[in-house]
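S.K.: Pasting the sequence and the predicted model now:
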Amino acid sequence: MSRWKSLKSAGVALLLMCGCGPVNIAVEPQNVVEPRPTGPLLEETGTLAENDHQGANGYEDNYEIPVRAGDYIVIDLRSTDFDGILAVVPPGGGEIVNDDFEGSIQHSRVGVNITMDGMLKVQVRTYQQGATGQYNLIASRLPAGAPVENPNGGTAQAALAHLSVGETHEGTIDQSDARRQDGLLFEMLLVNVPAGRPVTLAVNAVDGPAPSLVALDPQGRFSEGTGTITLTSEGAHRVQVLAPRGANSVRYRAAATAAASGSTTAIARGHHQIPGGGGNAQAISVGQQLQGEFAASDAQLQNGEHADEYTFEGTAGAELVLSMESSAVDTYLIVIAPNGEVMENDDAHGTNSELALQLATGGTYRVIATTYRAGEVGAYEIKLRPSHAAATTTPTTTAAAETENGTLAAGDSVIPSRGFGDVYRYTWAAGTQVTLNLTSSEFDTYVIVRSPSGRVIENDDI
C-alpha cells in the first residue's frame, strides 16, 4: 500500500513517470490457484488538517492499495470530527462515492468488485468545505464467498458458484447457508458478463415462489429483481439468491442466457436508490422549464429522499444540459438512459445540480429529481436545454501545438508506487480540445492529467 498527497496546482498538471530499479518476475504454474489472505489491507488513523491539499470538495487524503482481479474489497471510513465522504476508484473503473452509510454521518462504506489487477484508489474528503479532524480508514479483502453489501446488511459467508452464458446451476438454500441481517437466507452466484453482451440470469424455484435476486456489478452498483435479472456491465457480477421470508429450504435452478437487445435492470444503491419505471412521470421537452416542489407527503426513495420523476425523448448524438436549481433544498439529479446507463450529479454550482448529456442512443430517458439528504422539502426548478456547444456555430478552439523534451533521472520527484516523475502545468480556456502524447524509446511511459476541478485521467499504453 502506498499513500500520496494530491498535487497542489491551479491548472492542469501532467505527470510523466516510470518505474526504475531491479524487477523481480515470478512465474507461476497456470493450474495453481494461490490462496489470497483475507482481512485488512489497510488500517490508517489519519487527520485532515489545514496543511493538507484542498480540492474542490475540501481537504482530502489519498491512498493507493494494490488489488487483484477477483478480489472483493470493503472500505470503511469513520470519524466523529467531520461528516466524511469516501470516494473509491477501482482499476479500470469509475468513481464510487458514499457519504452516509445507513444514514450515519460518522460512517461511510464502499464495497467493490475488482475486475483487473492494479491499484485501488481511495480518497477521504469532507461533506462540509474546510472541515478538519481525525478519521479511521480500514480496507479489507473479503473471502471469495462473502455477501454483497446492501441496505439490509449481512456478514455471513456464502457458497459461490460461477456461471457464464449457456451455463446452469442447481442449488438448495437451507439453514446451513448464510443469513442477512434482515433474517433472509441466501446463496451466492458469480455471473460473468462479456463486453457488449448483456446477460439475463433466470432463477426459478423447483417448488414454491421464485427467489429474489440482488446483484452487485463490477462498478459497485446494485440491481435487483424477482426470478429474473439482467446484467449489463462487462465483468463479474456477484448475485445473492434470496429465499422467501419464512422459508426453511428452497431448491432452485439458475440459468445464464444472452439478454434480449435493450434489456435493462433498475439500479439500487446504498444511497439515492433508483425506483423501477412505470410511475407517474411528467414529460419535459428540450427548451422547457418546469417548477416543482417537495412536500412532506410526497413520494420518497428508499432512504427517505423526496423525488419527482420526469421523462424526455432523446435523439442519438444530441447534446443537452439538464439542470435543477433550488434555494430551499440541496438538489440531486439522476438520469437513466434507455440502455441502462446512469448519470448523476450533486453539486455543479453550489447546491444546484447540472448534467451535460451527450446522448449515445435515442429513446425515452428517465429523470429523477431529488434531494441530497433525506427529508428535505421545498420548491425547485428543472430545465432541459440544448448545450451551448451544440447550439453555437462557433468552431471549437484547439490548443496550439507545444513540445517538451525531458529526462527522468535520479533526483527527480518520486511518485509512490509509480517511480520518478516530472510535472508540467498548462492553462487552457474552457472548451479547448487538447490531445497529449507522451513518447519515449527508453521506458514504458505513463501519463496522469489533473484538471482544475480535480478530475484525474490516466493512461498507460494507447
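M.R.: Everything's here; your move.

S.K.: Show me what the residue positioned nearest the centre of the chain bridges to in the sheet.
M.R.: The centre of the chain sits closest to Ile96, judged by Cα atoms, centre = their mean, with a distance of 3.0 Å. Legend: beta-bridge partners of Ile96 under DSSP bridges are Val88.

S.K.: all helices in this structure, in order from the N-terminus.
M.R.: 388-391 (DSSP state H).

S.K.: Hmm, Val74 and the residue nearest to the centre of the chain touching each other?
M.R.: No. Applying Cβ atoms under 8 Å, one finds Ile96 not in contact with Val74, separated by 11.7 Å. (Glycine included, C-beta is placed from N, CA and C.)

S.K.: list residues touching both of those two?
M.R.: Val110, Val112 (Cβ atoms under 8 Å, 6 or more residues apart in numbering).

S.K.: Show me where the stretch 251-400 of the chain dips below the pLDDT cut-off.
M.R.: 261-279, 302-303, 347-348, 388-400 (pLDDT under 70).

S.K.: so how many other residues sit close to Gly70?
M.R.: Taking other Cβ atoms under 10 Å as the criterion, the count of residues near Gly70 is 15.

S.K.: before we move on, what about Ala316?
M.R.: 11.

S.K.: That one is in contact with Leu359, isn't it?
M.R.: Yes. Using Cβ under 8 Å, Ala316 is in contact with Leu359, at 5.9 Å.

S.K.: list the contacts for Thr168?
M.R.: Applying Cβ under 8 Å, 6+ apart, the residues contacting Thr168 are Arg253, Ala254, Ala255, Ala256.

S.K.: Test my guess that Val449 contacts Thr435.
M.R.: No. Contact criterion Cβ under 8 Å: Val449 and Thr435 do not qualify, at 11.2 Å.

S.K.: Between those two, which has more neighbouring residues?
M.R.: Neighbour count, other Cβ under 10 Å: between Val449 and Thr435, Val449 has more, with 17 against 7.

S.K.: ok, that one to Leu438 distance?
M.R.: 11 Å (Cβ to Cβ, to the nearest Å).

S.K.: Next: Lys121.
M.R.: According to Cβ to Cβ, Lys121 stands 21 Å off from Leu438.

S.K.: Neighbour count for those two, which is higher?
M.R.: Using other Cβ under 10 Å as the criterion, Lys121 and Leu438 rank with Lys121 on top: 19 against 15.

S.K.: Could I get the contacting residues of that one?
M.R.: Asn62, Tyr63, Glu64, Val88, Val89.

S.K.: From those residues, pick the one nearest Ala139.
M.R.: Tyr63 (7.9 Å; Cβ to Cβ).

S.K.: For that closest one, which non-adjacent residue is spatially closest?
M.R.: Val122 (4.4 Å; Cβ to Cβ, 6 or more residues apart in numbering).

S.K.: Compile the contacts of Thr168 into TSV and extend it with columns for neighbour count.
M.R.: Putting the contacts of Thr168 into TSV (neighbours: other Cβ atoms under 10 Å) gives the following:
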residue	neighbour count
Arg253	13
Ala254	22
Ala255	17
Ala256	23
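
S.K.: JSON lines for those, including distance to Phe186?
M.R.: JSON lines is the format used below for the contacts of Thr168 (distance: Cβ to Cβ, whole Å):
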{"residue": "Arg253", "distance to Phe186": "16"}
{"residue": "Ala254", "distance to Phe186": "13"}
{"residue": "Ala255", "distance to Phe186": "18"}
{"residue": "Ala256", "distance to Phe186": "18"}
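
S.K.: Let me know the closest of those to Ala299.
M.R.: Ala254 (33.6 Å).

S.K.: From what I see, that closest one and Ile229 are in contact.
M.R.: No. With contact defined as Cβ under 8 Å, Ala254 does not count as touching Ile229 (10.4 Å).

S.K.: So for these two, which residues contact both of them?
M.R.: Residues touching both Ala254 and Ile229 (Cβ under 8 Å, 6+ apart): Leu201.

S.K.: In the stretch 1-150 of the chain, where is pLDDT below threshold?
M.R.: 1-39, 56-57, 92-94, 102-103, 143-150.

S.K.: who touches Lys383 in this structure?
M.R.: Here Lys383 is in contact with Gln288, Gln289, Leu290, Val321, Leu322, Ser323, Met324, Glu325 (criterion: Cβ under 8 Å, 6+ apart).

S.K.: Could you give the bridge partners of the residue nearest to the second one when sequence neighbours are not counted?
M.R.: Okay, so that is Gln289. Residue nearest to Gln289 in three dimensions, not counting chain neighbours: Lys383, with 4.6 Å by Cβ to Cβ, 6+ apart. For Lys383, the beta-bridge partners are Gln289, Ser323 (DSSP bridges).
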